[in-house]
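# Got a predicted model here, sequence first, then my questions.
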Amino acid sequence: MPETDPNLQDLGNRNLAKIAPSAIRAFDEEISQIPGIIKLTLGEPDFAVPDHVKRAAIRGIEADDSHYGPSKGKLALREAISKYLAASRQVDYDPETEVIVTDGATEAITATLLGLLNPGDKVLVPTPVFSLYFTNIEMAGGEVVMIDTSDTGFNLTPERLEAEIEVAGDQVKAIMLNYPCNPTGRTYSKAELTALAEVIKKHHLLTICDEIYSELTYDQEHFSLATLLPGQVVILISGLSKSHAMTGYRLGYIAAPASLLPNVAKAHSFMVTCVDNIAQDAAIEALTKGLDDPKEFKAAYQRRRDFMIDNLTKLGFEMAVPQGAFYIFAKIPEKFGSDDFAFAKDVAKKARVGLIPGSVFGKGSAGYVRFSYAAADDKLAEVVKRLGEYVAQL
């Protein structure tokens, strides 16, 4: 094994060293060693990519589509994204100047924050929420301002937003909203977003909307802040990982006013040069001929959601009903205490069920666990059986 020169032992980015690795991945890896465990830990659709989308990728390979593409993505894909957003969000984005294809929504978030934040900029983040936001804001030199929404049904209210802006002061530059939300599955109605938009306009906030789960809403149609604030500073981020089960293809995108994107495009090109051509070939197919594909997934997820809510409630868990995505954020039954890490570890060891401790999702998350119901029906039934036996023994 090569040995490091002692004079180089202190090498490393000090800012990055202060940032903890992904707690979700770390916990998942820890419990993955338990024999026979059923994991409901990661946001990974259990469906296959639609056949016609796979065939488009194969055609790209057979056509030797293997050279560098445009940094912002193939124009045909940017045009397909623009057309899709015009139909679904009623906002016209110029595919030449207002759309960037990214290496998944994660890279879209990273490039956006690196391109637009300056050291000391504060970013408001309603919590509980996907912890990636915290680390990426810090990597970009920004400061995370968590807004606990656990006492308002896990949705941010305009009153709470106004109060947090007043406390945070003049360095507040942006707000990040994820809806439907990971981990709660909660989303916003048109009326709720309209009320939030008034506060956002008043304070001239950059608004970053992660709408990766927008095709998976159950009790209402998805509505976007980009629709309400087309001329404002809104960055819309999404992709095909959840809608078309294409997590491994790593295909996301950014849509925003052209004036916002030069630095974002730079950050993107410096990190990845360009997105894989074959993934883009598949995405063009998905967005031009596969817009109905998510309906089958959505119906299955809704059935699974209802099954899990019914059974978890019987076992003593409490939750706000998820309106989208494929997660349940459940409060641990009182008799088990409020240490969600201890509970999740005990459940993994004794019931062989893998859950994510709520505390990793920020303020307002302690005492909860996240279930991902992106798993086959028989696995979910077995999870309920095992949890039932676990609860009955204590």
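Now that the structure is in, tell me what you want to look at.
# Relative to Gln280, how far out is Ala80?
The gap separating Ala80 from Gln280 is 10 Å, by C-beta to C-beta, to the nearest Å. For glycine as for every other residue, the C-beta is placed from the backbone atoms N, C-alpha and C.
# What of Glu334?
In terms of C-beta to C-beta, Glu334 sits 50 Å off from Gln280.
# Looking at the two now, which is surrounded by more residues?
Between Glu334 and Gln280, counting by other C-beta atoms under 10 Å, Gln280 is the more crowded of the two (26 against 10).
# How about the backbone phi and psi for that one?
When read as degrees, to the nearest 10, the backbone of Gln280 gives phi -70, psi -40.
# Wait, it touches Val101, no?
Yes. With contact defined as C-beta atoms under 8 Å, Gln280 reaches Val101; the gap is 6.4 Å.
# which residues are in contact with both of these two?
Counting by C-beta atoms under 8 Å, 6 or more residues apart in numbering, the shared contacts of Gln280 and Val101 are 73-74, 77, 251.
# Drop anything exposed from those residues.
73-74, 77, 251 (16 or more other C-beta atoms under 10 Å).
# And those residues, which two are furthest apart?
Farthest apart among these by C-beta to C-beta are Lys74 and Leu251. That separation is 11.2 Å.
# residues shared between the contacts of these two?
101, 280.
# coming back round to it: would you format the buried ones among the shared contacts of Gln280 and Val101 as a markdown table with distance to Asp151 included?
Output for these, formatted as a markdown table (distance: C-beta to C-beta, whole Å):
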| residue | distance to Asp151 |
| --- | --- |
| Gly73 | 41 |
| Lys74 | 46 |
| Leu77 | 42 |
| Leu251 | 37 |
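# Just these: which are in helices?
Using DSSP state H, Leu77 are the members of these that sit in helices.
# now the buried ones among the shared contacts of Gln280 and Val101 as TSV including distance to Glu211 and pLDDT?
Formatted as TSV, those follow (distance: C-beta to C-beta, whole Å; pLDDT from 0 to 100):
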residue	distance to Glu211	pLDDT
Gly73	18	98
Lys74	22	98
Leu77	18	98
Leu251	15	98
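# So what touches the strand or helix carrying Gly388?
Secondary structure assigned from DSSP states H and E places Gly388 in helix 377-393. For helix 377-393, the external contacting residues (C-beta under 8 Å, 6+ apart) are 38, 40, 303-304, 307-308, 311-312, 315-316, 333, 347, 350-353, 373, 375.
# Buried by neighbour count, from those: which ones?
38, 40, 304, 308, 311-312, 347, 351-353, 373, 375.
# chain center to stretch 5-17: distance?
Its chain's average C-alpha position is 31 Å from that of stretch 5-17, according to C-alpha atoms, centre = their mean, to the nearest Å.
# start to end distance for it?
20 Å (C-alpha to C-alpha, to the nearest Å).
# So for that stretch, mean pLDDT?
Across stretch 5-17, pLDDT averages out at 79.
# repeat for stretch 42-51
For stretch 42-51, the mean confidence score works out to 94.
# Okay, buried residues for it please.
43, 45-46, 49-50.
# gap between stretch 292-304 and the chain center?
18 Å.
# What lies in contact with that stretch?
45, 47, 50, 53, 215-218, 243-245, 286, 326, 373-375, 377, 380.
# From the residues you listed, keep the buried residues only.
Buried among the contacts of stretch 292-304 by 16+ other C-beta under 10 Å: 45, 50, 53, 215-218, 243-245, 286, 326, 373-375, 380.
# Isn't Ser150 up against Gly364?
Yes. With contacts defined as C-beta under 8 Å, Ser150 counts as touching Gly364 at a distance of 3.2 Å.
# Need the residues touching each of those two.
Pro128.
# Identify the residues contacting the closest residue to Gly367 other than its chain neighbours.
Excluding its sequence neighbours, the residue lying closest to Gly367 (C-beta to C-beta, 6 or more residues apart in numbering) is Ser338, at 3.9 Å. Shown in contact with Ser338 (C-beta under 8 Å, 6+ apart): 332, 366-367.
# Please apply the same query to Ala57.
With C-beta under 8 Å, 6+ apart, Ala57 has these contacts: 249, 278-279, 281-282.
# Which one (most neighbours) among the residues you listed?
Neighbour max across the contacts of Ala57 (other C-beta under 10 Å) = Ala282, 29 neighbours.
# give the contact list for that residue.
49, 53-54, 56-57, 60, 246, 249, 251.
# Go through these and say which is closest to Leu161.
The nearest one, if we look at the contacts of Ala282 relative to Leu161 and count by C-beta to C-beta, is Leu251, at 31.8 Å.
# same question for stretch 239-246, mean pLDDT?
97.
# That one: end-to-end distance?
9 Å.
# buried residues in stretch 331-342?
331-332, 336, 340-341.
# do the same with stretch 221-241
So stretch 221-241, judged by 16+ other C-beta under 10 Å, has buried residues 222-229, 232-241.
# So which of those are in strands?
234-239 (DSSP state E).
# Please identify which pair of those lies farthest apart.
Farthest pair in these, by C-beta to C-beta: Val234 and Gly239, 16.9 Å.
# Check for me that Met176 belongs to a strand.
Yes. Looking at Met176 with DSSP: H, G, I helix; E, B strand; the rest coil, it is inside a strand.
# Contact partners for it?
Counting by C-beta under 8 Å, 6+ apart, Met176 has contacts 123-126, 129, 133, 137, 208, 210.
# ends of stretch 208-226, how far apart?
10 Å.
# and it, how far from the chain's centre?
The answer for stretch 208-226 is 11 Å, by C-alpha atoms, centre = their mean.
# what does stretch 166-182 give?
On C-alpha atoms, centre = their mean, the centre of stretch 166-182 falls 16 Å from the chain's centre.
# Quick check: buried residues in that stretch?
So for stretch 166-182, counting by 16+ other C-beta under 10 Å, buried means 172-182.
# Pick the one among these closest to Ile24.
Once C-beta to C-beta is applied, the member of these that ends up nearest Ile24 is Asn182, at 9.9 Å.
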